[in-house]
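Engineer: Structural data only, the sequence is not supplied:
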């Protein structure tokens, strides 16, 4: 599992709770590559976003398991302190985000 505050972990734990599934043995890691390597080595399963495992799914290193977790959309948030100096790169990034949302 990811760190406790990770949104993917929270979604997975809520799903398990709704299904009355209790996990006795878990490993908590902060590294998605490490989690993927453990799953590839048959140490367990994990719930990760598709974009994080796309290459492994495409080349057959990992297999997606069907669940009832559908329509799970996660929004990203970008924030900055408007009273602080922004580098040109940060200004461009913020502008691109704003333009994408409009």
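Structural biologist: Perfect, I can see it now. Quantities reported herein were computed from a predicted structural model and do not represent experimental measurements.

Engineer: Does residue 62 touch residue 56 like I think?
Structural biologist: Yes - if you go by CB atoms under 8 Å, residue 62 and residue 56 touch, sitting 4.1 Å apart. For the C-beta atoms, the positions are set from N, CA and C on the backbone; glycine is no exception.

Engineer: quick one: low-confidence ranges for this protein?
Structural biologist: 70-72 (pLDDT under 70).

Engineer: what sits in contact with each of residue 62 and residue 56?
Structural biologist: 36, 40 (CB atoms under 8 Å, 6 or more residues apart in numbering).

Engineer: what's next to the biggest helix by length in the chain, contact-wise?
Structural biologist: Assignment by DSSP state H gives helix 88-101 as the longest helix of the chain. Residues from elsewhere that reach helix 88-101, judged by CB under 8 Å, 6+ apart: 78, 80, 86.

Engineer: For burial, what's the neighbour tally of the second one?
Structural biologist: It refers to residue 80. Neighbourhood size, residue 80 [other CB atoms under 10 Å]: 11.
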